[in-house]
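K.L.:
Got a predicted structure plus its sequence, pasted below:
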Amino acid sequence: MANSVLAPARASEQVEITRWDVQRRRTWVLFLIPALLIYTIFMAFPLFNSMRLSFYQGQGLTPDRYVGLENYVTLFTNPLWRDRFFNAVGNTFVFFAIHMLVQNTLGLLFATLLSNTRLFGRNVYRAIIFTPATMSVLVTGFLWTLILNPRWGMLNQVLEWIGLGALARPWLGDANLALPTISLVSSWQWVGLPTMMFLAGLLTISDELSEAARVDGASAWQIFWRIKLPLLRPTIGIVSVLTFIGNFNAFDVIFAMAGARGEPAYATDLLATFFYRTAIAGEHPVAQPNMGLGAAVATCTFLILLTGVSLWLRFGRGGEETLAG
Amino acid sequence: MKLRLTLLLVIAMLLGLIPSVSAQGGEIALTMGSWRVDDVAQMQVILDAFHAAYPNITITFDPTNPPDYNATLRTQLEGGTAPDLFYLRSYATSRQLFEEGYLEPLGDLPGLMENFTEAARAPWATDDGLPYGVPFIAVSHGVYYNIDLFNELGLEVPQTWEELLAVAQKIKDAGYDPFANASGDEWTIAEIVFMNIAPTFIGGYEGRQAYLNGERCFNDEHAVAVFQAVADLAPFLPEGQEALTYYDSQQLFLMGEAAMWLGGSWDIPFFESEAPDFEWSVFGIPAPEGQEQRYVTFHMDAGMGLNAAAPDDHKEAAKLFLEWMTTPEFATLMGDTLPGFFPISNHPIELSNPHANAFLALNEGAGLDVRWAWEKLLDGQPDGYTLMQNGALAVIAGTMTPQEAADALQEGLAQWFEPAQKCPAGM
């Protein structure tokens, strides 16, 4: 009898726990809903809507005529659009490559130097390196166009002054030099970000590892190459992906220094400036934007980004796990 | 804080009431769309003068950032929120708006037919001559020159193209830049260099029509001559011109480092305000030796259109304004208020600004025409504007000969422009 009384009690207790558990799980979902809603409304919906638009044509801001893949066919086969598009894709890769090579390598170098606790005036250097990243691209871009101005610019005058006047060039007017020049300006501006990330990464690496290596007779170079760099791999991966995403969406620095047409002769035209002209501004002086085609350009940019980031998630992160394990 | 918010709300509500209150008094408030954000103060003078003549009509000037104007206007028209009156681009852009029914036809507007020539109405009319916009603003083009520098070097205003080049050589020998023009802003090469000199070498309106109706090919001797003229100027452009911008060019001319500048009349207010004491004037593009006729690029820039979807009382009031735009009073007021922008009507007018008068004087005895690419050549891809611009830039950079640039123009237009397709390929 007593047993029979107890048994249901226990059973109900069991039920209670399960119900509580379920409720807890529900609450957990509830906490997700606000973020999910905001993400869906402001990120996912515009993204998918933009993809949907790439299958439409029509005047104005709401293309309404379904055309299937016609926009993509135009973009990839009509020489007018194809040449501009692939030119922009190529330029964007060059832009990205220069950032990887200059901005991120310098960032790693600066971070290594700054992580040296015996370095005098460390905080001052850190502030100087990071300051450009806090300024507006439109401002720094404009200042650099003044410095690079072939007539009144400081750069050519300094070159003249130190006897290298033969190297003076119309930097932003030469189709071969304009894109590298702007990429270097952009690298100068943003070098503070990878520096900070690498510095944070380096500071998490325990000094004991370096000390142990030093005791074992490793040189400073060996310590950097064999111990610090491998341990920095996750940071390097993140910095690379952020650079990749940032560069493939880059617009402002080109707009400020070369204009929306990617002058001279489309030599600095990136995917974002090409997209801006196609979808938003139209080509001067007709200025009739083509929303549908622009959406196709945006979708292609998104696919390039998606491929790049997926590759990193697949391979870059794999390396991180083996390292951790 | 709360009180202030309430106050703001009340004010906002009251402001919302004002139009309906004034409408009760028989007054009509119209809005005007435009891309001329720089002209707010000047347009207010013109609109105030209209309000003085028609006290029950008030027009509010509401301009949009120039690069966004076409798209914004179209969105407003589609959404039914467009202004009652709005600036119209010349040729294709507004033709399309008319064909889609957004513009009121103005065939019966009093004063329009009498006070404007057919050529003046054409940029805002159908091929049959039915107007859908009142011609409003024209801009002129020519060669700015530094009077003091010309006196100092003992130079005369050149009368022929050859003399112009000789003058340029003398200026260069004296250590100055002959021309301030540069290709750092590519549109300037198209609009104030190539299309500034084009009418002189293709024979103005008649010559241009011969291209548009297929009698001429875009790589004939005349087109090559335009590109050749650009090539003639190339050695006289400032060093580093590849990267010098429009603003740099203006400064080079203002600072007296460059003696001449192929430019447009819209810069009169800029030069006058930047350097009031600077002595400059303007001459027309001189014709090559052996050619009697001179030409000036007098470009039809803006018309005024009436929103077909506006309510009837607004339309009536707006038509009164459009009619007022055809009068000599308006022409004088506009030319005086906006120096560098010229009225298009055929009233003989006298302007108070000497620089504006200098530009206007170039028109005497000259053949007038719009910029080459505007009529019909912008209607397809690749458009004539971009082709001319790229060709002129390539000729200046030395990567194309004038003949090659003209061939590229012909080849590009032949892809879609029917009259150009009659020409033998690969000529």
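P.N.:
Happy to help now that I have it.

K.L.:
all strands of the chain, in order?
P.N.:
No chain specified, so I'll use chain A. Remark: strands assigned in chain A by DSSP state E are A:56-57, A:65-66.

K.L.:
not what I meant, chain B
P.N.:
B:28-34, B:57-63, B:85-89, B:134-146, B:177-179, B:258-264, B:280-283, B:295-306, B:367-369.

K.L.:
Tell me which of the strands of chain A sits most buried.
P.N.:
strand A:56-57 (a mean of 19; mean count of other C-beta atoms under 10 Å in any protein chain shown). Glycine gets a C-beta too; all of them are placed from N, C-alpha and C.

K.L.:
residue ranges with poor pLDDT in the chain?
P.N.:
All of this refers to chain A. Counting by pLDDT under 70, the ranges of chain A that qualify are A:1-17, A:59-61, A:317-325.

K.L.:
I was after chain B.
P.N.:
Within chain B, the stretches with pLDDT under 70 are B:1-25, B:425-427.

K.L.:
What parts of chain B come near chain A?
P.N.:
B:67-71, B:74-75, B:78, B:92-93, B:96, B:100, B:183-187, B:238-245, B:248, B:252, B:378, B:381-383, B:385-386, B:390, B:393 (C-beta under 8 Å from any C-beta of the partner chain).

K.L.:
Of the residues you listed, keep whichever come out buried.
P.N.:
Using 16 or more other C-beta atoms under 10 Å in any protein chain shown as the burial test, these include B:67-71, B:74-75, B:78, B:92-93, B:96, B:183-187, B:238, B:240-245, B:248, B:252, B:378, B:382-383, B:385-386, B:390, B:393 as buried.

K.L.:
gap between the residue nearest the centre of chain B and residue B:36?
P.N.:
For chain B, the residue sitting closest to the mean C-alpha position, by C-alpha atoms, centre = their mean, is residue B:301 at 3.8 Å. Residue B:301 is 10 Å from residue B:36, where distance means C-beta to C-beta, to the nearest Å.

K.L.:
what's the answer for residue B:260, then?
P.N.:
From residue B:260 to residue B:36 the distance is 28 Å (C-beta to C-beta).

K.L.:
More neighbours: which of those two?
P.N.:
Neighbour count, other C-beta atoms under 10 Å in any protein chain shown: between residue B:260 and residue B:36, residue B:260 has more, with 29 against 19.

K.L.:
okay but the more buried one is in contact with residue B:172, surely?
P.N.:
No: with contact defined as C-beta atoms under 8 Å, residue B:260 does not reach residue B:172; the gap is 11.2 Å.

K.L.:
what sits in contact with each of the two?
P.N.:
With contacts defined as C-beta atoms under 8 Å, 6 or more residues apart in numbering or on different chains, the residues shared by residue B:260 and residue B:172 are residue B:178.

K.L.:
Enumerate the residues of chain A near chain B.
P.N.:
Going by C-beta under 8 Å from any C-beta, the residues of chain A near chain B are A:59-62, A:80, A:145, A:148-152, A:156, A:170-174, A:259, A:261, A:263-265, A:280-289.

K.L.:
Quick one, which of these are buried?
P.N.:
Those of those that meet the buried threshold are A:59-61, A:145, A:148-151, A:156, A:170-174, A:259, A:261, A:263-265, A:280-289, by 16+ other C-beta under 10 Å.

K.L.:
So which of the residues you listed are in helices?
P.N.:
A:145, A:148, A:156 (DSSP state H).

K.L.:
Redo those residues as CSV? Include distance to residue B:111.
P.N.:
Formatted as CSV, these follow (distance: C-beta to C-beta, whole Å):
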residue, distance to residue B:111
A:145, 48
A:148, 53
A:156, 57
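
K.L.:
can you tell me how far the closest residue in space to residue B:131 that isn't next to it in sequence sits from chain A?
P.N.:
Spatial nearest neighbour of residue B:131, excluding adjacent residues (C-beta to C-beta, 6 or more residues apart in numbering or on different chains): residue B:125 at 4.4 Å. In this view, residue B:125 and chain A are 19 Å apart by C-beta to the nearest C-beta, to the nearest Å.

K.L.:
Burial check on residue B:125, number of neighbours?
P.N.:
With other C-beta under 10 Å as criterion, residue B:125 counts 24.

K.L.:
Show the contacting residues for it.
P.N.:
B:131-133.

K.L.:
now do residue B:253
P.N.:
Counted by C-beta under 8 Å, 6+ apart, residue B:253 has contacts B:144, B:146, B:180, B:260-261, B:263, B:280.

K.L.:
So which of these wins on neighbours?
P.N.:
Busiest of those [other C-beta under 10 Å] is residue B:260, holding 29 neighbours.

K.L.:
which residues does that residue form a beta bridge with?
P.N.:
Beta bridges link residue B:260 to residue B:145, residue B:179 when assigned by DSSP bridges.

K.L.:
The nearest residue to residue B:111 once chain neighbours are set aside: neighbour count?
P.N.:
Nearest residue to residue B:111 in three dimensions, chain neighbours excluded: residue B:326, at 3.4 Å (C-beta to C-beta, 6+ apart). Applying other C-beta under 10 Å, we find 21 residues neighbouring residue B:326.

K.L.:
my read: residue B:326 touches residue B:345, true?
P.N.:
Yes: using C-beta under 8 Å, residue B:326 makes contact with residue B:345 at a distance of 6.2 Å.

K.L.:
how is the chain carved up into domains?
P.N.:
With no chain named, the answer covers chain A. As given by automatic domain parsing, the domain ranges for chain A are A:2-53, A:74-324.

K.L.:
other chain: chain B
P.N.:
Chain B is divided into the following domains under automatic domain parsing: B:26-138+B:299-357, B:140-298+B:368-421.

K.L.:
Out of those domains, which is the most enclosed?
P.N.:
Among these, the stretch with the highest mean neighbour count (mean count of other C-beta under 10 Å) is domain B:140-298+B:368-421, at a mean of 20.

K.L.:
How far does that one sit from its chain's centre?
P.N.:
Centroid separation for domain B:140-298+B:368-421 versus its chain: 15 Å, with C-alpha atoms, centre = their mean, to the nearest Å.

K.L.:
swap in stretch A:227-243?
P.N.:
That offset, for stretch A:227-243, works out to 14 Å (C-alpha atoms, centre = their mean).

K.L.:
Can you give the contact residues for that stretch?
P.N.:
A:96, A:99-100, A:103-104, A:107-108, A:112, A:193-194, A:197-198, A:200-202, A:205, A:209-210, A:213, A:218, A:308-309, A:312, A:316-317, A:319-320, A:323.

K.L.:
rerun at 6 Å
P.N.:
Residues from elsewhere that reach stretch A:227-243, judged by C-beta atoms under 6 Å, 6 or more residues apart in numbering or on different chains: A:99, A:104, A:194, A:197, A:201, A:205, A:209, A:213, A:312, A:316, A:319-320.

K.L.:
Can you lay out those as a markdown table showing neighbour count?
P.N.:
Below are these laid out as a markdown table (neighbours: other C-beta atoms under 10 Å in any protein chain shown):
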| residue | neighbour count |
| --- | --- |
| A:99 | 25 |
| A:104 | 23 |
| A:194 | 28 |
| A:197 | 20 |
| A:201 | 21 |
| A:205 | 15 |
| A:209 | 13 |
| A:213 | 17 |
| A:312 | 16 |
| A:316 | 17 |
| A:319 | 14 |
| A:320 | 14 |
